[in-house]
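# Test case, fold it:
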Amino acid sequence: MDHRAIWGEMVPIIAIVMGIGIAMLGMWLDYRKKSEIYALHHKERMAAIEKGMDVPPLPPELFHRHGRTPADSLRRGLVWLAIGAALTTAMMLEDHRGAAYGLIPAAIGIANLIYYFTQSRIPAAPKA
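Numbers count the residues shown, from 1 in each chain. Below you'll find the model as predicted:
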């Protein structure tokens, strides 16, 4: 059996396994970081209770996920739209029959821009 053929079959397998492995490692590290923060805060609360001090409340940052801002939607929309326009233009200039596939990232960009413009018109909820 040819070694080139074996490597040709192994590259996609290795890429898939590494991609999934890196994603799982990221999730595990995030879980471990959060559990260590909770354990440290729990120890701090127990020490405060034992000393008769006021128990500090949990910081709200522990409960809120880092959300996307409207500026993120604007940036993502412009990037996807530019990628789609560039891909479609390049494929059309090369007389490629699949030039319409460049409209897919352009549609994603337009959807992000629509989201940005509709969210900017919604009034913000008052903070309690």
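# domain parsing for this protein?
Structural domains assigned to the chain are 1-66, 68-128, following automatic domain parsing.
# what's the host helix or strand of Ala107 packed up against?
Ala107 is located in helix 103-121, with elements delineated by DSSP states H and E. With contacts taken as 3 or more CB pairs under 8 Å, 6 or more residues apart in numbering; DSSP states H and E, helix 103-121 sits against helix 70-93. For glycine as for every other residue, the C-beta is placed from the backbone atoms N, C-alpha and C.
# Just give the closest residue to Trp80, not the sequence neighbours.
Gly109 (3.2 Å; CB to CB, 6 or more residues apart in numbering).
# Below-threshold pLDDT in the chain: ranges please.
1, 61-67, 124-128 (pLDDT under 70).
# Report the central residue of it.
The chain has Arg68 as the residue nearest its centroid, 9.2 Å off, counting by CA atoms, centre = their mean.
# Please report the distance of that one from Lys51.
Separation of Arg68 from Lys51 (CB to CB, to the nearest Å) stands at 41 Å.
# do Arg121 as well
51 Å.
# and the residue nearest to the centre of the chain, how far is that from Tyr115?
For Arg68, the distance to Tyr115 - CB to CB - is 10 Å.
# Gly26 now?
26 Å.
# same deal with Leu81?
For Leu81 relative to Tyr115 (CB to CB), the value is 13 Å.
# Those two: who's more crowded?
Leu81 (19 against 16; other CB atoms under 10 Å).
# what's the nearest residue to that one if we skip its chain neighbours?
Gly109 (3.0 Å).
# so what's the one you found up against?
Arg76, Gly77, Leu78, Val79, Trp80, Leu81, Ala82, Ile83, Gly84 (CB atoms under 8 Å, 6 or more residues apart in numbering).
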